[in-house]
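> sharing a model prediction with you, sequence too.
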Amino acid sequence: MNSLQYEARIRSYLLGRYAAKSAASQLIGELDLKQLRVKNGIFQQPLLISGDGRSHPVSISHCGDVSAAVAFPVELQMGIDVEALDEANYTAVETQMTEREKATLSKLPVSYEKGLMLLWTAKESLSKAVKTGMTTPFSIYEINQIEMRSAYTVSTHTYFTQYITISVLGSRYAVSLTVPKLARMPEAFGHECQSFLAKI
């Protein structure tokens, strides 16, 4: 890895940390980001530590100069992922899709390639929510149904039926957020994601 690639990765990493602090700041009401730090838990999942020493769960994703994070109450489990719609990734991503998922993709009103990235982010955000990450075969996160909404899609999972994943496709990026099915998501979420993606 050359020095420019290394610097880009460090920048992306730091942007993710900043996004996590910003998200947690809104959740816990701490306006001074210097009072917040991010460390890794036992499964390398990010944890945000506030000035009083308490830990708060967060999920972070970064892709180049784009970062996204979500902070949430300890009683919930959530995961977020953002990926570039880069054709260089399509072949590798397709190898991680099941035959069922490929059949589902053919029914979506988006290109097959964009659909691949939408499913990839949905599966990766689930892997973060359940804190397994890339340590298990991606087939275990299989998506069995995708419902199209006006501003986003809602996916359900074959083996993790207690979760849903909300995804938004932009012109250059896809972003997904996995939440417990019992959690109530504000209807504005999809529109906020679209607004975010329109700016990048």
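That came through fine.

> rest of the way, CA atoms for contacts and neighbours
Will do.

> for F160, which three-state class applies?
coil (DSSP: H, G, I helix; E, B strand; the rest coil).

> report the contact partners of it.
Y141 (C-alpha atoms under 8 Å, 6 or more residues apart in numbering).

> next: the one 3 residues further on.
By C-alpha under 8 Å, 6+ apart, the contact set of Y163 is 126, 156-157, 178-181.

> pLDDT on the helix or strand hosting A68, on average?
According to DSSP states H and E, A68 maps onto strand 66-71. Across strand 66-71, pLDDT averages out at 92.

> tell me the angle the helix or strand that that strand is followed by makes with strand 66-71.
Using DSSP H and E, the helix or strand that follows strand 66-71 towards the C-terminus is strand 79-84. Compare the direction of strand 79-84 with that of strand 66-71 by axes from the mean of the first three to the mean of the last three C-alpha atoms, to 10 degrees and you get 170 degrees.

> so what are the sheet partners of strand 79-84 and their directions?
Paired with strand 79-84 in the same sheet, following DSSP bridges, are strand 173-180 (antiparallel).

> what average pLDDT does the partner strand get?
The model assigns strand 173-180 a mean pLDDT of 95.

> just to revisit the earlier point, can you put the contacts of Y163 in a markdown table and add distance to H62?
Below are the contacts of Y163 laid out as a markdown table (distance: C-alpha to C-alpha, whole Å):
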| residue | distance to H62 |
| --- | --- |
| L126 | 16 |
| T156 | 24 |
| H157 | 24 |
| T178 | 16 |
| V179 | 19 |
| P180 | 22 |
| K181 | 25 |
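
> select only the buried ones of these in ChimeraX?
Per 16 or more other C-alpha atoms under 10 Å, the buried members of the contacts of Y163 correspond to this ChimeraX selection:
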select :126,156,157,178,179,180
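
> avg pLDDT for the strand or helix carrying K21?
In the assignment (DSSP H and E), K21 maps to helix 3-28. Averaging pLDDT along helix 3-28 yields 85.

> please shift the residue numbers so they start at 19 in all later answers.
Will do, 19 is the new start, and the previous item becomes helix 21-46.

> now do the following helix or strand past that helix: distance to the chain's middle.
Going down the chain from helix 21-46, the next helix or strand is strand 55-58, by DSSP H and E. In terms of C-alpha atoms, centre = their mean, to the nearest Å, the centre of strand 55-58 is set 18 Å apart from its chain centre.

> can you pull the buried residues of strand 55-58?
55-56.

> sheet-wise, list the partners of it with their directions.
Per DSSP bridges, strand 55-58 is paired in its sheet with strand 64-67 (antiparallel).

> how about residues contacting the helix or strand just after the partner strand?
Using DSSP H and E, the helix or strand that follows strand 64-67 towards the C-terminus is strand 73-81. The contact list for strand 73-81 (C-alpha under 8 Å, 6+ apart) reads 30-31, 33-35, 37-38, 42, 63-68, 85-92, 96-102, 146-147.

> can you rerun that using 6 Å?
30, 34, 65-67, 85-89, 97-101 (C-alpha atoms under 6 Å, 6 or more residues apart in numbering).
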